[in-house]
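Engineer: Next input, structure requested:
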Amino acid sequence: MSAIVKTTTAFTNKALLLETLDEMGVGYELKGNKVVTDRMDYYGHQCFEYGKNGSFNFQHDSSAEKMNYPWRSINFREWKTVTSFLEAVEVGYKGAYTRMLERLAEEERLREEERRKQYVESVRNETIERAKSQGYIVKETRQDNKIKLVLSRTTY
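Structural biologist: Residues are numbered from 1 along each chain as shown. Okay, here's the model as predicted:
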């Protein structure tokens, strides 16, 4: 007998999947393209396997959903069924994905701020050099995050 359990979120990022499993307290072991969990059913450990579709698919014994099933060594903790486990993984994965996007946005904001500072500094240096080459004396003051250059030249 077989079953298909789908999630609305494809687990495409291995690092986020591992972060989610860590947060959930699920033990796992990496074996090539597989993330073998500590959850066990009749056929052994349940695992996430990287598939041709570019995402990690959960491999499990689909008969495990039946109530009267001759369990072997079961280790399911609070997620009794595969469906409830995958729902919990999906919620955790979405949270990890959101945090990753927030980190990336913050890093991009910091990069943009650094680029802006470098641009302002280059314009400042260029202006000072040009003014000095034309014989001006440059006096620099900073007010409220603004640079004020006062150029003066003595003529006789």
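Engineer: Can you give me the pLDDT of the residue sitting nearest the centre point of the chain?
Structural biologist: Centre of the chain computed as the mean C-alpha position; nearest residue by C-alpha atoms, centre = their mean is Met100, 2.8 Å away. Per-residue confidence (pLDDT) for Met100: 96.
Engineer: Run through the residues that contact it.
Structural biologist: Counting by C-beta atoms under 8 Å, 6 or more residues apart in numbering, Met100 makes contact with Asn13, Leu16. Quick note: C-beta positions are derived from backbone N, CA and C, even for glycine.
Engineer: which stretch of helix or strand covers it?
Structural biologist: In this assignment (DSSP states H and E), Met100 forms part of helix 82-133.
Engineer: what separates that helix from the chain centre, distance-wise?
Structural biologist: Put simply, helix 82-133 sits 13 Å off its chain's centre (C-alpha atoms, centre = their mean, to the nearest Å).
Engineer: need the next SSE after it, C-terminal direction.
Structural biologist: Heading C-terminal from helix 82-133, the first helix or strand you meet, by DSSP H and E, is strand 137-143.
Engineer: tell me the mean pLDDT for that following strand?
Structural biologist: Here the average pLDDT along strand 137-143 is 88.
Engineer: Likewise for stretch 119-127?
Structural biologist: Confidence over stretch 119-127 (mean pLDDT, whole number) is 92.
Engineer: try stretch 25-37
Structural biologist: Averaged over stretch 25-37, pLDDT sits at 92.
Engineer: And that stretch, what's buried?
Structural biologist: Buried residues in stretch 25-37, counted by 16 or more other C-beta atoms under 10 Å: Val26, Tyr28, Lys34, Val35, Val36, Thr37.
Engineer: With stretch 125-142 instead?
Structural biologist: Along stretch 125-142, these residues count as buried under the neighbour rule (16+ other C-beta under 10 Å): Ala131, Tyr136.
Engineer: now what about that stretch, what contacts it?
Structural biologist: Outside of stretch 125-142, the residues within contact range by C-beta under 8 Å, 6+ apart are Arg124, Ile147, Lys148, Leu149, Val150, Leu151, Ser152, Arg153, Thr154.
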